[in-house]
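**Student:** Okay, structure incoming, though there's no sequence with it:
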C-alpha cells in the first residue's frame, strides 16, 4: 500500500528554499517549481506520518503564501489542509486511522464534501486541480521522487536540500 505526503505553497522557489533550509529535520527535501506554486516533498515528515507535525509545518509554510498539504496513508487515509497566514482555513480528514473531520469556509464545503466521497488518491487529484496545482505534483511523495531520480533522473529545476 502506498503512502505519500506533499506540501505546496504559492511562493517563488527561492523563498521556499530559504524557508526549507532550516527545516529539513536532518533528512532530504525536494523542491519542485510549478509557478505560481512550489511543491515540497519532505522525507522526515513523510516518514513520521504524524498529522500534527504536518499541520505545524504547513502553518509555518503558509506565512509565505497560500499553502496546501496532502497526506495519503496506505491509500485509505486522507488528510488535506489549506492554510494562509499561519492558520488552517480548511481541513478534510477521512479513513480508519485519521477518523472523519471536515471544516472550511462556506465556499469550499461543497468541494470538500465531494472529495470526502472519493478514494483518497482521487480526492487529492481533484482538490489539487481546484486550486490550480498540477494533480501529479499533489499525488507524489518524497520516496516517489527519490525513485524517479534513481531511475531516470529529475528535471534540472528540481532542488534537493539536506
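**Tutor:** Perfect, thanks for sending it. Given the structure is predicted, the values throughout are model-derived calculations rather than measurements.
**Student:** Now do the strands in the chain.
**Tutor:** In the chain, the strands defined using DSSP state E lie at 4-9, 29-34, 37-42, 67-73, 77-84, 87-94, 101-103, 159-161.
**Student:** thought residue 124 was touching residue 140?
**Tutor:** No. Applying CB atoms under 8 Å as the test, residue 124 and residue 140 come out as separate, 9.9 Å apart. C-beta coordinates here come from the backbone N, C-alpha and C atoms, glycine included.
**Student:** Who has more neighbours out of those two?
**Tutor:** residue 124 (24 against 21; other CB atoms under 10 Å).
**Student:** got the contact list for the more buried one?
**Tutor:** Going by CB atoms under 8 Å, 6 or more residues apart in numbering, residue 124 touches 70, 72, 78, 80, 135, 138, 139.
**Student:** okay, it: pLDDT?
**Tutor:** Looking at residue 124, its pLDDT reads 97.
**Student:** Would you reformat the strands of the chain as JSON lines and include mean pLDDT, distance to residue 51 and mean neighbour count?
**Tutor:** Shown next, in JSON lines, are the strands of the chain (pLDDT from 0 to 100; distance: least, CB to CB, whole Å; neighbours: other CB atoms under 10 Å):
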{"stretch": "strand 4-9", "mean pLDDT": "98", "distance to residue 51": "10", "mean neighbour count": "26"}
{"stretch": "strand 29-34", "mean pLDDT": "96", "distance to residue 51": "19", "mean neighbour count": "20"}
{"stretch": "strand 37-42", "mean pLDDT": "97", "distance to residue 51": "14", "mean neighbour count": "26"}
{"stretch": "strand 67-73", "mean pLDDT": "97", "distance to residue 51": "7", "mean neighbour count": "26"}
{"stretch": "strand 77-84", "mean pLDDT": "98", "distance to residue 51": "5", "mean neighbour count": "22"}
{"stretch": "strand 87-94", "mean pLDDT": "98", "distance to residue 51": "8", "mean neighbour count": "18"}
{"stretch": "strand 101-103", "mean pLDDT": "96", "distance to residue 51": "10", "mean neighbour count": "13"}
{"stretch": "strand 159-161", "mean pLDDT": "93", "distance to residue 51": "23", "mean neighbour count": "16"}
